[in-house]
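The following comprises the amino acid sequence and a computationally predicted model.
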There are 2 protein chains.
Amino acid sequence: MELVVFINCFEVPEGAEEEFLTLWREVNAYARTKDGYLGHTLHQSLSTSAVNRYVNVALWASERHFTAATDEHFRRLVGSPAWARFRSTPALYEVVDRVAPA
Amino acid sequence: MELVVFINCFEVPEGAEEEFLTLWREVNAYARTKDGYLGHTLHQSLSTSAVNRYVNVALWASERHFTAATDEHFRRLVGSPAWARFRSTPALYEVVDRVAPA
């Protein structure tokens, strides 16, 4: 099993935070039911003017699990017109350098 | 003490990974000497064509510690002409939603 990290950075206009969070929670609730989902951390910028207002960092058991999870229903969720307002840059990552908190 | 998360997303052209990593390690080595630095995870995308080829997620003891760490020497490091090749979107974050790995 080779862990992968899914990171998605979201551009969210000021004032649209609640709309974004409602959409994100809907997608996240579905992803969490999937085999291989291990956890996530959703970050919100301290400044409302940060380019990436939200960054989600999620852990998956493997690339194969992630690919299986992003099925037809998942794609329908993230393909809804409401998402068009929020630019996102999703990708899968591996950890290449780490110093763990003491 | 209120933990903050510093996240920086880097756009790195294919083939420039080593140049980026050399620069990043130089800045990171300095940041790690600073009071309040708690750890980091540098992620590299599995695909070479991801918008954000690298994402660094670092933990700091507080916003005050982070601000103090980004001092004149730090700004000189990240202001070097070599960095101009790599677009980055740095910001401070708080965690707003989390499911920890089991």
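Cool, the structure landed. Residues are numbered from 1 along each chain as shown, chains lettered A, B, ... in the order given.

all contacts plus neighbour counts: C-alpha atoms, from now on.
Fine.

which non-adjacent residue is nearest A:Val55?
A:Cys9 (4.5 Å; CA to CA, 6 or more residues apart in numbering or on different chains).

and the closest residue to A:Glu14 other than its chain neighbours, how many neighbours?
Distance criterion CA to CA, 6+ apart; nearest residue to A:Glu14, sequence neighbours excluded, is A:Thr48 at 6.2 Å. When neighbours are counted by other CA atoms under 10 Å in any protein chain shown, A:Thr48 registers 15.

How about the one 3 residues further on?
Other residues near A:Val51 number 17, with proximity taken as other CA under 10 Å.

surely it meets B:Tyr93?
No: using CA atoms under 8 Å, A:Val51 makes no contact with B:Tyr93, being 11.9 Å away.

could you say which helix or strand contains the residue nearest to A:Glu14?
Under DSSP states H and E, no helix or strand contains A:Thr48.

Is it correct that it is in contact with A:Glu17?
No: contact criterion CA under 8 Å: A:Thr48 and A:Glu17 do not qualify, at 9.5 Å.

Now do A:Pro13 against A:Ser47, distance only.
12 Å (CA to CA, to the nearest Å).

which of these two has more neighbours?
Taking other CA under 10 Å, A:Pro13 and A:Ser47 do not tie; A:Pro13 has more neighbours (17 against 13).

any idea how far that one lies from chain B?
As for A:Pro13, its distance to chain B is 16 Å (criterion: CA to the nearest CA, to the nearest Å).
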